[in-house]
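Engineer: heads up, no residue letters with this:
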């Protein structure tokens, strides 16, 4: 794992409202961290860009609150489908629609799985702007946000720039 993740985690709040989760996509620890962050929420939005919503849900078991999906492939479990993972406007609209569908007093949690996939389809500057807007929408809804990224797939400088958008960074340990 790059040194930047340890440095970012040391100066951030891993329990904050917006957290970057660094782990391999096949690491069970990342799934545990995700499930733990979602389990205490009243409702959840999963932006599932690398797997079908049914597979995403199955990996997390039955601890999830009522969950709506924004996904890169149309299926019955998606509240909103986007044409490609790089459709940042579509993803943003989907998350906003999901957040509006929850009761006003709900404290939702939003998961973006994953930034690594998103960055394969959208340029880094657009992705950073998207994350700033998304974080603002989630905070305005009284919720929390966490985003997954594979540290092995990004250069240290890219992770450092991403980490600056979050309250904290959590390096999920196996």
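Structural biologist: Yep, it's here. Computed from a predicted structure; not experimentally measured.
Engineer: quick one, strands of this structure?
Structural biologist: 18-22, 43-48, 67-71, 80-81, 108-113, 144-149, 168-171 (DSSP state E).
Engineer: List the pairing partners of the first one within its sheet, with orientation.
Structural biologist: Going back to what we said before, that points to strand 18-22. strand 144-149 (parallel), strand 168-171 (parallel) (DSSP bridges).
Engineer: One more: the fourth one?
Structural biologist: Under the criterion DSSP bridges, strand 80-81 sits next to strand 67-71 (parallel) in its sheet.
Engineer: Next one: the residue lying closest to residue 120 once chain neighbours are set aside from residue 166, what distance?
Structural biologist: Closest residue to residue 120 in three dimensions, ignoring its sequence neighbours and counting by CB to CB, 6 or more residues apart in numbering: residue 85, at 7.2 Å. (C-beta placed from N, C-alpha, C; glycine too.) For residue 85, the distance to residue 166 (CB to CB, to the nearest Å) stands at 20 Å.
Engineer: And for residue 73?
Structural biologist: When CB to CB is applied, the distance between residue 73 and residue 166 equals 27 Å.
Engineer: between those two, who's got more neighbours?
Structural biologist: residue 166 (23 against 15; other CB atoms under 10 Å).
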